[in-house]
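Visitor: Got a predicted structure plus its sequence, pasted below:
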Amino acid sequence: MNRIVSFLYVCVCAVGMATAQLRPTNEELGSIYFAYPAPTIAQTPPPAGFEAFYISHYGRHGSRWRTDDVHYKRVVDVFDSLAAIRALTPLGKDVCGRLHRVWEDVRGRSGNITPLGERQHHDIACRMFTSFPSVFTDSAVVDARSSTSLRCVMSMSYFTESLKEQNPQLRVSRRAYQRYMDYIAYTSPEAEAFCSDTAVWRTDFNRFAREQIQPERFVKALVTPSVHMSYAQERGLMEDLYWIAIDMQNCDHLKDVAFFDLFTYNELMSLWKVVNARMYVCNAAAPLNKGLMPRQATALLRNIIESADRAIAGGKPCADLRFGHDTHLIRLLALMRVEGCDGREADIERFHLAWQDYRVSPMAANLQLIFFRNAAGDVLVKLLHNECEVHLPLAAAEGPYYDWIVLRRYFIGLLNKAD
């Protein structure tokens, strides 16, 4: 199969990709903070006689600030304290000023979507409407459900408002009740224990992280030799600045503030490898979790199947939209074995070659199942991951299109295997 590779983002990541050529951009090394890359690949037209009538969707919230003010204030306080004792290098003083610029912008907004996040969901919805107008005709019903997190609720709001702009006659319902969390954002106690800091696998992970993250050069460029810092302190400062640095791409309203210049490319790569390894083990198809984490998405997949059955039986254009978080989307994609999202690797040194978090779940990441029907009532389904066509380990009816009867049986098989 031919796949077109964009400059910023590989929309379809085959399992057999040429890993030796893996060289992410600085922005991609932002892990799950990678800002959503707009698709650049044209879609395959449906077979003759088929028209879209239903969309089933799960979307991650849009670009956001970091999750808590403390993540910013802690770093600002460290730099202010060092400035007070004249322990900052000229570069360190400059960084202190940059941090204050960011703090002025983010204070009281942490965890919320940024203006870029608002635009992302507006634009994704607009492209969905343009690509599949037959789903949103007349007074079609759009059923939107969200995680109770405000950033997800706001993402749902911007998404559905964009659809209403295209067709004011749409009947849109928006809900964000705790009861929906059982499938939109579920994690079992067993899974929480597996991901805890005391889990057995953390021993090897901590060794890997210590080997990867070497903060000496980074800190010396910012702090004078008069201040002695332990490895843990240096690493903490480096990681805190890494998270702020990678999130600046989600704050494009602060165009003149950046922090990537503080890091070498190898330092960014090492920091990302550690984050990517944790995301892989705690969410994806890593052999280390023995399928536990993908199984967290069984309720979500069951909801997708049941919602599709209702839509097909109803016979009218409609859409089910779900808005949640990166981890739950990653688990769903791994459970479904979506192309490029279920890489399996047992060697922690090679996790980053088998699976890349920035490809799977950037900010505003999404999975769309587009349902098509012909006059005879046959139903085909196409899967879009971040608006790019993807395949499953399943025989397709034609191109990226799957017979719903076959696809439904495949999904049920996954659920039965997970139980």
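Guide: Thanks, I have the structure now.
Visitor: all strands for the protein, in order.
Guide: Remark: strands assigned in the chain by DSSP state E are 51-60, 141-146, 171-175, 318-324, 366-373, 379-385, 388-390, 401-403.
Visitor: closest one to D204 among those strands?
Guide: strand 51-60 (28.7 Å; CB to CB). (Glycine included, C-beta is placed from N, CA and C.)
Visitor: Could you list the buried residues of that closest one?
Guide: By neighbour count on 16 or more other CB atoms under 10 Å, the buried set for strand 51-60 is A52, F53, Y54, I55, S56, H57, Y58, G59, R60.
Visitor: Retrieve the pLDDT associated with the residue nearest in space to the middle of the chain.
Guide: Centroid-nearest residue in the chain: S361, 2.3 Å away (criterion: CA atoms, centre = their mean). Listed pLDDT for S361 reads 98.
Visitor: So it is in contact with I32, correct?
Guide: Yes - counting by CB atoms under 8 Å, I32 is a contact partner of S361 at 5.7 Å.
Visitor: what do these two both touch?
Guide: Taking CB atoms under 8 Å, 6 or more residues apart in numbering as the contact rule, S361 and I32 both touch D326.
Visitor: What is the neighbour count of the closest residue to the residue nearest to the centre of the chain other than its chain neighbours?
Guide: Sequence neighbours aside, D326 is the residue nearest to S361 in space, at 4.3 Å (criterion: CB to CB, 6 or more residues apart in numbering). By the measure other CB atoms under 10 Å, the count of residues near D326 is 20.
Visitor: heads up, I number from 46, so please use that
Guide: Got it, first residue is 46 now, which makes that one D371.
Visitor: Tell me who's in contact with D371.
Guide: Listed by CB under 8 Å, 6+ apart, the contact set of D371 reads I77, R105, S406, A410.
Visitor: neighbours of A441, just the number please.
Guide: Neighbour number of A441 under other CB under 10 Å is 16.
Visitor: residue boundaries of the helices in the stretch 296-445 of the chain?
Guide: Using DSSP state H, counting those that start in this stretch, the helices of the stretch 296-445 of the chain run over 310-328, 343-359, 371-381, 396-399, 402-405.
Visitor: And the first one, what does it pack against?
Guide: Contacting helix 310-328 under the criterion 3 or more CB pairs under 8 Å, 6 or more residues apart in numbering; DSSP states H and E are the following elements: helix 247-257, helix 276-292, helix 371-381, helix 396-399, helix 402-405.
Visitor: mind running it again at 7 Å?
Guide: Under the contact definition 3 or more CB pairs under 7 Å, 6 or more residues apart in numbering; DSSP states H and E, helix 310-328 sits against helix 247-257, helix 371-381, helix 396-399.
Visitor: which of the ones you listed is buried the deepest?
Guide: Between the helices and strands packed on helix 310-328, helix 371-381 has the highest mean count of neighbours, a mean of 25, where neighbours are mean count of other CB atoms under 10 Å.
Visitor: shaky segments in the stretch 46-195 of the chain?
Guide: Where the stretch 46-195 of the chain drops to pLDDT under 70, the residues are 46-66.
Visitor: residue boundaries of the helices in it?
Guide: Applying DSSP H, counting those that start in this stretch to the stretch 46-195 of the chain gives helices spanning 115-129, 135-151, 160-176, 195-211.
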